[in-house]
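K.L.:
I need the structure of the sequence given here:
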Amino acid sequence: MNKAMTGRILLAAAWMPALALAAHPSAAQDAPQPDPAAPPPAERTQPRQSGQVYAPEYFARFAPRSALDMLKQTPGFTIKAEDDERGLGQASGNVLINRQRLSTKSDSAEDQLARIPAGNLVRIEILDGATLDIPGLSGQIANIVTKGGGFSGQFTWEPQFPAKVADARLNKGSISGSGSAGLLDYTIAFSNTTGDVGGNGGPATIVNADGSLRENRYVTYKAFLTHPRVSTSLKFNGPGSAIANLNASYQWNRTHSLRSEDRSGPGLPDAVRKVDTLSNGHQYEIGGDFEFPLGPGRLKLIGLARGDQFDTMNEAITDFAGAAPSTGRRIFVDSRSSERIARAEYRWRMLGGDWQISGEAAFNALDNVADQFDLLPDGSFTGAPFPPGTGGVKEDRYEAILSYSRPLADRLAMQLTVGGEYSHIAQTGSNAEQRTFRRPKGSLALTWAARPGLDLSLTISRKVGQLEFADFLAEVFLDNENANAGNNQLVPQQSWETELEARKDLGEWGSATLKLFDYRIEDLVAVIPLGPDIESKGNIDKARLRGLRLTSTLRFEPIGFAGAKLNLSLLLQDSNIRDPLDQLDRPIDSTNGREIDMELRHDIPGSDWAWGVRYRNIDFGYFHRLREAGEDWGIDDLGEIYVEHKNVLGLTVQARVNNLFDSDVLYYRTVHFGPRNASPVDFVERNIRKVGPLFRFLIKGNF
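P.N.:
Coordinates of the predicted model:
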């Protein structure tokens, strides 16, 4: 069976939960029941809702080591990363811990959940965000209820052994310890992350517009990443009902990538071109919050400071066969950035609902020093400053938001937020500029528990995106000989976002969630022409992104396949913008049209064994620049198979083979002599690079 047919069959299977979402009768009596320790409804102003609660016993067959292991096995739920918020902003992820949002920017939800021992989890509550008194939340939310305990630790090790180009990766893993001492809960952790694949290689051809061969290449790419990180978190319970949290982390970063091209062609000397990129640096974050009763409500004070420093060297050298001298160029950038945030939130109850007013001040800065060097015939480099890449960007931003949430009926709730922000952006360097902006923000969320086992929610929000300060300055890409000129007129993109979500408990069959979304975007940030021969990141007036996302867990106990389940995730979307060159409609750059991910897992009853298979297919989007357009694809058809034993001398051991279909990495582009809407084609490049199977192991344990 070919891959196209396989994809169509799996795509059809993915729609099964959507049909069941509409047709299957509720079976709420089969859903996990709330924990008796849950606060009684009288303590909340929110309406009655069905929700779902999963006790630790539900996850026993998976032999979890951490709260993350448990949440990943929660039916129909997928962890969503926090948006890249300006400052801290309102909550935007879908995970809470003890009904508190994660007030950190360097730690992800997965990072924090991986440090919570499974024995400290009381229950997982799946709730609707609009029914909580945390502004910004909407749709399906997981609240992880935990308890303190004596000291315990856990560790993971994830070695990888590729079959072809990449080198073995032996240094990915983590170790953490946590416990309680009186009113103090503490965690300390050390981890090291590395790249997922690490290398690929294969042939490339460069052909002229008439189809004749210009050049043959064989491209090999390797990446070496190591990011060791130490972090700690402290939680103080008291005095009284006060709660304080302190988080700190420090990370070292080293990234080294090497791209090597063996070149030959009609009338050309044989050559070897190497593009070497080395980045060294570190980053830190320290933050905390203190929440306590004040007057009729509670006040929460939050502070955060973080910064980083990176030295990056990008070098491209071409060595020719024979006596021809080598040619090359080197770019060196010393980059330093910082962020300081102060935030206050006060919430109280009034007029039958929950109110919150928040204020935030955020100060961001970036300072770059860039130099460029040219290779001389004697092998030495001569250097000069690179003014377009040297300079600084600062933004001072202030935000105020008022929110109000309340029940409108027994099973209907509303959350409304209104506010805005003021920002001042100043750029120094060769393109100095200062600007100020005022922008509205807000949202309206409605949730309806239509019947037991069926919840609907509608969210309409006005959002302001985050700027990437490096886009204000010039940047050179030696690997594909492109450059961004820098743009001091960049503004953050804004959007009206509408989301309609339906969550259905399918009883003994599992659960499913279907989300429809429509985003109307203003000032989309993309690569745009700034003149007839220069380009950079800039703003496109209007864009639209719309589609659906289906997430489902189907259990096979009803058909006698005990211990088996199928996790399905399907994303279908399309987008459009007006191309700034030819004024024709096209998709947003690098926006995937389809993503499907399916995993069948079988935990064999009465044993410690489990096995599984996974299939993922991605329809990658195209990119566009001033002189070129093309595709830069990762692995589009990913097949995996794994086997797991949950008690090998007290450890969980999993062996996994990735990329079963031997899918390739594809880079394809059509390059014109000038602007692609008005200039003839110069050449077409097509590069297909092999990755090969990847053999991965996961070893987890507790101490």
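K.L.:
Was I right to think Ile126 contacts Ile141?
P.N.:
Yes: because the distance of 7.3 Å satisfies Cβ atoms under 8 Å, Ile126 is recorded as touching Ile141. (Each C-beta comes from the backbone N, C-alpha and C, glycine too.)
K.L.:
ok, Leu113 - contacts?
P.N.:
For Leu113, the contact set (Cβ atoms under 8 Å, 6 or more residues apart in numbering) comprises Ser66, Ala67, Leu68, Leu71, Val95, Ile97, Ile144.
K.L.:
can you rerun that using 7 Å?
P.N.:
Leu113 sits next to Ser66, Ala67, Leu68, Leu71, Ile144 when contact means Cβ atoms under 7 Å, 6 or more residues apart in numbering.
K.L.:
cool, Asp471 as well?
P.N.:
Asn487, Leu490, Lys537.
K.L.:
a markdown table for the residues you listed, including neighbour count and distance to Gly389?
P.N.:
Listed next are the contacts of Asp471 as a markdown table, based on neighbours: other Cβ atoms under 10 Å; distance: Cβ to Cβ, whole Å:
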| residue | neighbour count | distance to Gly389 |
| --- | --- | --- |
| Asn487 | 22 | 13 |
| Leu490 | 23 | 15 |
| Lys537 | 20 | 14 |
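K.L.:
With respect to Glu481, which of those is nearest?
P.N.:
Taking Cβ to Cβ as the measure, Glu481 sits nearest to Lys537 out of the contacts of Asp471, at 18.0 Å.
K.L.:
Tell me the bridge partners for that closest one.
P.N.:
Lys537 has these beta-bridge partners by DSSP bridges: Val527.
K.L.:
residue boundaries of the helices in this protein?
P.N.:
3-14, 16-23, 67-72, 109-114 (DSSP state H).
K.L.:
Leaving aside the residues adjacent along the chain, what's closest to Arg115?
P.N.:
Spatial nearest neighbour of Arg115, chain neighbours left out: Ser176 (4.4 Å); criterion: Cβ to Cβ, 6 or more residues apart in numbering.
K.L.:
Let me see the contact set for the one you found.
P.N.:
Residues in contact with Ser176 (Cβ under 7 Å, 6+ apart) are Arg115, Gly153, Gln154, Thr187, Ile188, Ala189.
K.L.:
now those residues as a markdown table including neighbour count, distance to Val691 and pLDDT?
P.N.:
Output for the contacts of Ser176, formatted as a markdown table (neighbours: other Cβ atoms under 10 Å; distance: Cβ to Cβ, whole Å; pLDDT from 0 to 100):
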| residue | neighbour count | distance to Val691 | pLDDT |
| --- | --- | --- | --- |
| Arg115 | 24 | 32 | 90 |
| Gly153 | 17 | 35 | 92 |
| Gln154 | 22 | 31 | 93 |
| Thr187 | 19 | 36 | 94 |
| Ile188 | 17 | 36 | 95 |
| Ala189 | 23 | 31 | 96 |
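K.L.:
Of those residues, just say which sits nearest to Gly288.
P.N.:
Checking the contacts of Ser176 against Gly288 by Cβ to Cβ gives Thr187 as the nearest, at 14.1 Å.
K.L.:
if I look at Gly560, how far off is Ala305?
P.N.:
As judged by Cβ to Cβ, to the nearest Å, Gly560 and Ala305 stand 57 Å apart.
K.L.:
Pick out whichever of the two has more residues nearby.
P.N.:
The neighbour count for Gly560 versus Ala305, taken as other Cβ atoms under 10 Å, is higher for Ala305 (14 against 7).
K.L.:
what's the pLDDT at the more buried one?
P.N.:
Note on Ala305: pLDDT of 96.
K.L.:
Numbering from 2 from now on, please.
P.N.:
New numbering, starting at 2: the last item is Ala306.
K.L.:
Thought Phe364 was touching it, still the case?
P.N.:
No: here Ala306 lies out of contact with Phe364, judged by Cβ atoms under 7 Å, at a distance of 9.8 Å.
K.L.:
what residues are shared contacts of these two?
P.N.:
Shared contacts of Ala306 and Phe364 (Cβ under 7 Å, 6+ apart): Arg341.
K.L.:
Out of the contacts of Asp472, which is nearest to Asn201?
P.N.:
Lys538 (27.3 Å).
K.L.:
Partner strands of the lengthiest strand in the chain, with direction?
P.N.:
Longest strand in the chain, counting residues (DSSP state E): strand 269-295. Strand pairing for strand 269-295, using DSSP bridges, gives strand 244-266 (antiparallel), strand 298-321 (antiparallel).
K.L.:
buried stuff in that strand?
P.N.:
For strand 269-295, burial by neighbour count (16 or more other Cβ atoms under 10 Å) applies to 272, 274, 276-278, 280, 282, 284, 286-290, 292.
K.L.:
Go through the residues you listed and say which is closest to Thr429.
P.N.:
Gly282 (21.7 Å).
K.L.:
So for the closest one, what pLDDT did the model give?
P.N.:
We have a pLDDT of 97 for Gly282.
K.L.:
try Arg87
P.N.:
69.
K.L.:
again, but for Leu650
P.N.:
The model reports Leu650 with a pLDDT of 95.
K.L.:
what does Ala322 give?
P.N.:
Note on Ala322: pLDDT of 91.
K.L.:
With the one 5 residues further on instead?
P.N.:
On pLDDT, Ser327 comes in at 94.
K.L.:
any idea how far Asn99 is from it?
P.N.:
According to Cβ to Cβ, Ser327 stands 61 Å off from Asn99.
K.L.:
what does Arg677 give?
P.N.:
From Arg677 to Asn99 the distance is 54 Å (Cβ to Cβ).
K.L.:
I'd guessed His283 sits against Gln310; true?
P.N.:
Yes: using Cβ under 7 Å, His283 is in contact with Gln310, at 6.2 Å.
K.L.:
just to revisit the earlier point, show me the two of the contacts of Ser177 that sit farthest apart.
P.N.:
Gln155 and Ile189 (12.1 Å).
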